[in-house]
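1. this one's sequence-less:
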């Protein structure tokens, strides 16, 4: 009996040691980057979009109803998220500037986790410029797969790309010269297109790195243009179910608030000016929905492998969209503005030991993800970050977090700063040289995310405008010197 008790005690202590070791094990981090994804998903209450895998992830974590990117264009938005800083503080407010070439010693999420002993792994579209920050990735393979499946389209693009190189066109000119059709539905396997192949890269990586702590970013390019996806995802929808949005611009909105959505117009078959036809609008909205469902399926494959390998319970999973998107609302397309449709993004955080299946109305910014992941993995938050850890909201989704969220968009020598509080979106466009406010916007979002009427010029809102202007402090933001750049 004594020997039995002694053996039991030894086994009990050994079990405690194992449990303690498991509890102290470093948590893995898996982040899904989604390109041009609106917060119109099943879990966000939009049942016409079929996203069963993202919906399941929402059931395993906290869904943020009011998350905002810091600039509605993928380059600055992704750099802002990965560095935890506002675009103007980085001095990066365009599509062409890379983080590491601009600020060689910048702190970033891959740098932080690599220095913390993690395997840092990047697949697909993470930074806008694929090789940005490459010294801080342990793995950064080329993006596999194709944008199109049609051999004739691919050959045409190849020939035009060669001609663009011969002509010495700029990056922007090259894009406009070589763009293919805006939609494609091909009867092919998922892995023919880029996101399916990226999912396979991530799955292979999980198998190879399952015994080491990892920080993995998986960037899906859909639903970004072109809206190209296997036919099985187009077949989830009927063309007639897609409505044509109201094309009226917000009453009283200044011209600087909008763009000519040249990104979409560069694709074949798109008009160079004016509205799209109803038929073309429905085709594009159909293609967008198919692309969302295709990306959702690839996320599901990676998550299934994470679970199969027994890694799910020790992995923090984040799904976020780099900015919103317009699908014909106000007669506009794409992003590139400060409107609610462009700056509001989907965000889900699923962390071991924290709330599951909850949603929060807390106002948050995407720069908050960097400090959140540091805190959730037991690290010290770098002092240089502008964001705040979301840990309190993940523990109690009913908490308030920020009084407002701030985004920005630069057009030449004018930058628009925009503030979103619980009800209002307030925007000031300010000349960066003269510091003169050249346009002001105020929209009421108490009932809709559409910007119906600019109320900034109405007398009854003058006190509100003055108060929101003080909170936003456009001139103060403009006065902050960006981080030093390399020569």
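-> Okay, I see it. This is a predicted model, so every value here is computed, not measured. Numbering: from 1, shown residues only.
2. Just confirm residue 49 contacts residue 293, I think it does.
-> Yes: between residue 49 and residue 293 there is a contact at 7.3 Å, judged by Cβ atoms under 8 Å. From N, CA and C alone the C-beta is placed, and that goes for glycine too.
3. Compare neighbour counts for the two and give me the winner.
-> residue 293 (25 against 21; other Cβ atoms under 10 Å).
4. Confirm that one sits in a helix?
-> Yes: according to DSSP: H, G, I helix; E, B strand; the rest coil, residue 293 belongs to a helix.
5. Identify the residue spatially nearest to it, adjacent ones excluded.
-> Taking Cβ to Cβ, 6 or more residues apart in numbering, and ignoring the residues beside it in sequence, residue 293 has residue 233 as its nearest neighbour in space, at 4.6 Å.
6. So what's the residue count around residue 386?
-> That count, for residue 386 with other Cβ under 10 Å as the rule, works out to 18.
7. Checking it next. Helix, strand or coil?
-> Taking three-state DSSP, the label given to residue 386 is coil.
8. ok, now which ones touch the residue lying closest to it once chain neighbours are set aside?
-> In space, and not counting its chain neighbours, residue 386 is closest to residue 85: 4.7 Å by Cβ to Cβ, 6+ apart. By Cβ atoms under 8 Å, 6 or more residues apart in numbering, the contact list for residue 85 reads 367, 384-387, 483.
9. The residue nearest to residue 293 contacts residue 288, correct?
-> No: when contacts are counted by Cβ under 8 Å, residue 233 is not listed as touching residue 288 (11.0 Å).
10. Please identify which of these two sits among more neighbours.
-> residue 288 (25 against 22).
11. and that one, what does it touch?
-> Listed by Cβ under 8 Å, 6+ apart, the contact partners of residue 288 are 223, 227, 325, 327.
12. Next, give me the two most distant ones among the residues you listed.
-> Farthest-apart pair in those is 227 and 325; separation 11.2 Å (Cβ to Cβ).
13. Please point out which parts of stretch 149-167 sit buried.
-> Judged by neighbour count using 16 or more other Cβ atoms under 10 Å, the buried positions of stretch 149-167 are 149, 153, 156-157, 164.
14. As JSON lines, those with secondary structure and distance to residue 404 would be great.
-> Converted to JSON lines, the buried residues of stretch 149-167 look like this (DSSP: H, G, I helix; E, B strand; the rest coil; distance: Cβ to Cβ, whole Å):
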{"residue": "149", "secondary structure": "coil", "distance to residue 404": "44"}
{"residue": "153", "secondary structure": "helix", "distance to residue 404": "45"}
{"residue": "156", "secondary structure": "helix", "distance to residue 404": "47"}
{"residue": "157", "secondary structure": "helix", "distance to residue 404": "44"}
{"residue": "164", "secondary structure": "helix", "distance to residue 404": "43"}
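15. List just the nearest of those to residue 362.
-> residue 149 (41.7 Å).
16. List the contacts of that closest one.
-> For residue 149, the contact set (Cβ under 8 Å, 6+ apart) comprises 184, 186, 188, 192-193, 228.
17. go on, residue 138?
-> By Cβ under 8 Å, 6+ apart, the neighbours of residue 138 are 114, 119-121.
18. Helices of the stretch 201-350 of the chain, start to end?
-> Taking DSSP state H, counting those that start in this stretch, the helices of the stretch 201-350 of the chain run over residues 231-234, 262-265, 278-308, 340-343.
19. Highest mean neighbour count across the ones you listed, which stretch is it?
-> Of the helices of the stretch 201-350 of the chain, the one with the most neighbours on average (mean count of other Cβ atoms under 10 Å) is helix 340-343, at a mean of 24.
20. Residue 227 and residue 325: who's more crowded?
-> Counting neighbours by other Cβ under 10 Å for residue 227 and for residue 325 shows that residue 227 has the greater number, 26 against 22.
21. For the more buried one, give its distance to residue 372.
-> 32 Å (Cβ to Cβ, to the nearest Å).
22. what about the closest residue to residue 301 other than its chain neighbours, distance to residue 217?
-> Using Cβ to Cβ, 6+ apart and skipping residues adjacent in sequence, the residue nearest residue 301 is residue 199, 4.9 Å away. If you measure residue 199 against residue 217 using Cβ to Cβ, the figure is 13 Å.
23. same thing with residue 369?
-> Noted for residue 369: a distance of 11 Å to residue 217, by Cβ to Cβ.
24. Mutual contacts of these two, please.
-> Residues within reach of residue 369 and of residue 217 at once, by Cβ under 8 Å, 6+ apart, are residue 31.
25. show me what contacts the residue most central in space within the chain?
-> When Cα atoms, centre = their mean is applied to the chain, the residue found nearest the centroid is residue 322 (1.9 Å). By Cβ under 8 Å, 6+ apart, residue 322 lies in contact with 33-37, 69, 74, 77-78, 81, 345.
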